[in-house]
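**Q** Fold the stuff below for me.
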Amino acid sequence: MRIDSPGLTTDLDLLRLQGSTVTDHGDHLVVRTDANPTFWWGNFVLVPTEARATEVDRWVARFEQEFPEARHRAIAFALAGGDTDAWAGHRWEVDVDVDLATTDLPLPAEVPPGIPALRAGSSPRALSSDDDWEQSAQVGARDTPEPQLEERLVFERRRVAAQRELADSGRARWFGAFDGDRLVARLGIVRLGGLARYQDVVTLASHRRRGLAGALVRAAGQWAFEDPAVRQLVIVAEDGGPAIGLYRRAGFVEVARHVGVSRPPV
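**A** Numbering: from 1, shown residues only. Now for the predicted structure:
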């Protein structure tokens, strides 16, 4: 089954590298991550069309058939548009993601005057130690309500373990901005042949608008382009979200859109 979105195709490549299975059923794909069953977008159904009002029941039933033990529901559509209101009307969350790409090194972010980037002596660097990776899991679980925090940390630590294996293999690198010894922003990038895909761009609310994400995006791009096979950098952002403007200012341009619909655990 053909998927043209570079965001989705690199998602699938990354999942396979981390041990997920992708099964082609002709008119849809089933993605399964047995090592992390609470990973919504590691356990989902991918449809190559736009969302259609007439197919809500069909795809919900298909998901439930494939994942009978799952508490969540997650279905991706490779094309934007369609009748997403039909899904929202059934109380599904609808997210439109934008694929952005560049063949050039991202431009550095502008920092508002008078705002320090980091404490003196601190700088962005690659994650390496056990503490670095544990802090990355903690950053991933930020803002989680206390009753759900333990479960969320289990999920984040499983995901971080897979990311660390990728980094140890040489295919990827995760970068962090540290304020003293505290991780306050992080992202990853993975080389996938001619493409390099950014992952998990997060900055703590206390350290936003300091140019940290932009500095990490540029540092990761520099590392990716050290491989002469890499011709293009790909990043995915939520349509209308706060990050998309940053990426556009850094030189990324929109190349595709796609939709994800989901329902939280019940």
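
**Q** quick one: the strands in the protein?
**A** Ranges of strands in the chain, per DSSP state E, are 21-24, 29-32, 44-47, 73-77, 93-102, 125-126, 172-179, 182-192, 195-203, 232-238, 253-263.

**Q** what helices or strands is the top helix by length along the chain leaning on?
**A** Determined from DSSP state H, the single longest helix within the chain is helix 146-169. Counting contacts by 3 or more Cβ pairs under 8 Å, 6 or more residues apart in numbering; DSSP states H and E, helix 146-169 packs against helix 130-140, strand 172-179, strand 182-192. To be clear about C-beta, it is placed using only N, CA and C from the backbone, and glycine gets the same treatment.

**Q** Could you say which one of the strands of the chain comes nearest to Met1?
**A** strand 21-24 (5.2 Å; Cβ to Cβ).

**Q** ok so, going back, nearest to Asp4 among the strands of the chain would be which one?
**A** Closest among the strands of the chain, using Cβ to Cβ: strand 253-263, at 6.8 Å.

**Q** Average pLDDT for that closest one, rounded please.
**A** Mean pLDDT, strand 253-263: 97.

**Q** how distant is the longest helix of the chain from the center of its chain?
**A** Computed by Cα atoms, centre = their mean, to the nearest Å, the chain-centroid distance of helix 146-169 equals 13 Å.

**Q** That helix versus strand 182-192: what angle between them?
**A** Inter-element angle recorded for helix 146-169 and strand 182-192: 50 degrees (by axes from the mean of the first three to the mean of the last three Cα atoms, to 10 degrees).

**Q** which residues are in contact with helix 146-169?
**A** Contacts to helix 146-169, defined as Cβ atoms under 8 Å, 6 or more residues apart in numbering, come from residues 17-19, 35-36, 38-39, 126-127, 133-134, 136-138, 140-141, 144, 172-174, 188, 190, 199-200.

**Q** Now tabulate the strands of the chain in CSV and tack on mean neighbour count and distance to Arg152.
**A** Supplementary listing: these in CSV, determined by neighbours: other Cβ atoms under 10 Å; distance: least, Cβ to Cβ, whole Å:
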stretch, mean neighbour count, distance to Arg152
strand 21-24, 12, 24
strand 29-32, 20, 21
strand 44-47, 23, 18
strand 73-77, 24, 16
strand 93-102, 19, 17
strand 125-126, 12, 25
strand 172-179, 22, 19
strand 182-192, 23, 16
strand 195-203, 21, 14
strand 232-238, 22, 19
strand 253-263, 18, 16
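
**Q** Quick one, grab the pLDDT at Leu118.
**A** 65.

**Q** likewise Arg210?
**A** Arg210 is given a pLDDT of 85.

**Q** Noted, bye for now.
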